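*Asks:* Have a look; sequence and predicted model below, questions after that.
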Amino acid sequence: MAPNDSAETNGEATGTVVGRRKAARYIVPFAVAGVAAATIGLVPALADSGDPELPDITAQELIEKIAASDEEQLSGTVKVSTDLGIPSLGGLAGSFAPDAGAGESSASPDARLMELASGTHTLRVAVDGPDKQRLSILGEGSEYSLVHNGDDVWGYDSESNEVYHAESGGNGRADGETEKHKAPEGVPATPKEFAEEALAAAGDTTSVTVDGTAQVAGRDAYKLVIKPKQSGSTIGSVTVAVDASTGVPLKFTLAPSSGGKAAVDAGFTDVDFAKPDASSFSFTPPKGAKVTEADELKAGAEKSGAADKAHKDLAALEDFKGLNVIGEGWNAVAEIELPGGAGLPAEGSGDVPPQARQFLDALGDKVTGDFGSGTVFKTRLVNALMTDDGKVYVGAVTKDALVKAADTAE
């Protein structure tokens, strides 16, 4: 069994994972919660079959082992589940796609990957270096696949028999411009990607320890536990099961401080580090499939005016008067001033029908403090306080911590 050694990651840790992006220490809640919102939740114990006996290792050594891992070839099955205490986003996916309402394709990554933000999903992944990746979301009698092979990115929805195609320019960038349709390795879906985000954001407000061993997907692993030292965070701990042989994270679990089941949990149920078969990355549109090119979606958005709307939305975002971060580490809270200084319509103002007012009140808790009054909207991880004078305070902190941050804001 590995000892319960600890390492305070204060920026001096070696390796490429910890120590990068010093500023990330001040946005730990957003880095971790962002990962959670992009995918996962609770997976049953993933075939743990006892704690294997492994050589002792310190937390610092285990972090360095993760950073030094150079495995670029693997395939396997990942169970991913997210329980953030918010409604399923699957049906809303198309609404958030920039091409929504403009001849969108059900095979477009924008229309499908948001499904991973809630619920439980089974993924099959295959990776062969930076230019070949495949990610498949398995449904009941259907499958969605995203394939990157050299200069091409393909999306295929078997249920609708629709195909999406984009040119990646050989660098994982669709249309050679943006990373929006980056190949599957850019999609937060594997334990390694979650672990890298969490470790990169760890700072001197964080305790990192080795807490024994486990067996995940039939492989021996060490358990790295990341916890906030501060009180007031909605994040209780992050546990990463690290393959003892390769240093590859096999399982990632984010537990809320409120208890209950994990808010985020992603883990391999089976994994193979051999070179995947080349056929895994080859794709030919099936007979009769509707094929939509990324350029067509872009042109459709411009023709329908959706592109202009997107530009206007971006312009509106620029009206925000900056982002002020109050506190640091796990207790960091972002202060945002809404354009026009407008908060929720006051009760009795006549701006909102009584039934709608009741609905809004049911979603949040009314609070008061030195800052004035407002409403706190809660999930299991990220909470937001919207004041009546048009300011918003957001963080992976408790309601009381949000009110305290608003009270101390300048």
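*Replies:* Ah, there it is.

*Asks:* where does residue 117 fall, phi/psi-wise?
*Replies:* Here the main-chain torsion angles of residue 117 (degrees, to the nearest 10) amount to phi -80, psi -10.

*Asks:* Over to residue 234?
*Replies:* Note on residue 234: its backbone torsions stand at phi -80, psi -10 [degrees, to the nearest 10].

*Asks:* cool, and the one 5 residues further on?
*Replies:* Summarising the backbone geometry of residue 239 under the convention degrees, to the nearest 10, its torsions are phi -120, psi 130.

*Asks:* what's the answer for residue 399, then?
*Replies:* The phi/psi pair for residue 399 (degrees, to the nearest 10) is phi -60, psi -40.

*Asks:* surely it meets residue 377?
*Replies:* No: using CB atoms under 8 Å, residue 399 is not in contact with residue 377; the gap is 9.9 Å. Backbone N, C-alpha and C define where each C-beta goes, glycine included.

*Asks:* Am I right that residue 197 is in a strand?
*Replies:* No: applying DSSP: H, G, I helix; E, B strand; the rest coil, one finds residue 197 to be helix, outside a strand.

*Asks:* Tell me how many other residues surround the nearest residue to residue 286 once chain neighbours are set aside.
*Replies:* Closest residue to residue 286 apart from its sequence neighbours, by CB to CB, 6 or more residues apart in numbering: residue 161 at 6.5 Å. Residue 161 has 15 neighbours, counted by other CB atoms under 10 Å.

*Asks:* quick one, phi/psi of residue 161?
*Replies:* With angles defined as degrees, to the nearest 10, residue 161 sits at phi 60, psi 40.

*Asks:* Equivalent analysis for residue 336, please.
*Replies:* Dihedral angles for residue 336 - degrees, to the nearest 10 - are phi -130, psi 130.

*Asks:* burial of it, as a residue count?
*Replies:* 16.

*Asks:* Could you measure from it over to residue 329?
*Replies:* Separation of residue 336 from residue 329 (CB to CB, to the nearest Å) stands at 20 Å.

*Asks:* same check, this time on residue 244
*Replies:* Separation of residue 244 from residue 329 (CB to CB) stands at 30 Å.

*Asks:* Mind jotting down where the strands sit in the stretch 201-350 of the chain?
*Replies:* 206-216, 219-228, 235-243, 249-256, 264-272, 290-293, 323-326, 333-337 (DSSP state E, counting those that start in this stretch).

*Asks:* Pairing partners for residue 266 in the sheet, please.
*Replies:* residue 80, residue 252 (DSSP bridges).

*Asks:* Quickly note the distance from it to residue 139.
*Replies:* According to CB to CB, residue 266 and residue 139 sit 18 Å apart.

*Asks:* What of residue 156?
*Replies:* For residue 156, the distance to residue 139 - CB to CB - is 13 Å.

*Asks:* next one: residue 277
*Replies:* 23 Å.

*Asks:* domain ranges for this structure?
*Replies:* Domains of the chain are assigned by automatic domain parsing as 6-281, 323-408.

*Asks:* Which of these comes out lowest on mean pLDDT?
*Replies:* Of all the domains of the chain, mean pLDDT reaches its minimum on domain 6-281 (a mean of 76).

*Asks:* in the stretch 251-400 of the chain, which spans are helices?
*Replies:* 294-304, 306-317, 354-363, 399-408 (DSSP state H, counting those that start in this stretch).

*Asks:* do the same with the stretch 101-250 of the chain
*Replies:* For the stretch 101-250 of the chain, the helices defined by DSSP H, counting those that start in this stretch occupy 109-112, 191-201.

*Asks:* Could you dump the ones you listed into CSV and include distance to residue 366?
*Replies:* Shown next, in CSV, are the helices of the stretch 101-250 of the chain (distance: least, CB to CB, whole Å):
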stretch, distance to residue 366
helix 109-112, 36
helix 191-201, 32
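
*Asks:* Looking at residue 266 and residue 139, which is more packed in?
*Replies:* Neighbour tally, residue 266 and residue 139, criterion other CB under 10 Å: the higher count belongs to residue 266, 34 against 14.

*Asks:* how far away is that one from residue 120?
*Replies:* To residue 120, residue 266 is 10 Å away according to CB to CB.

*Asks:* show me the contacts for residue 391.
*Replies:* Listed by CB atoms under 8 Å, 6 or more residues apart in numbering, the contact partners of residue 391 are 335, 336, 337, 338, 341, 343, 371, 374, 406, 409.

*Asks:* residues shared between the contacts of residue 399 and residue 377?
*Replies:* In contact with both residue 399 and residue 377: 383, 385, using CB under 8 Å, 6+ apart.

*Asks:* Check which residues of stretch 66-82 are buried.
*Replies:* Within stretch 66-82, the residues that count as buried by 16 or more other CB atoms under 10 Å are 66, 67, 69, 74, 75, 76, 77, 78, 79, 80, 81, 82.

*Asks:* What sits closest to the third one if chain neighbours are left out?
*Replies:* The shortest distance from residue 69 to any non-neighbouring residue, by CB to CB, 6+ apart, is to residue 247 (3.5 Å).

*Asks:* looking at it, that neighbour is touching residue 61, isn't it?
*Replies:* No: using CB under 8 Å, residue 247 is not in contact with residue 61, being 10.3 Å away.
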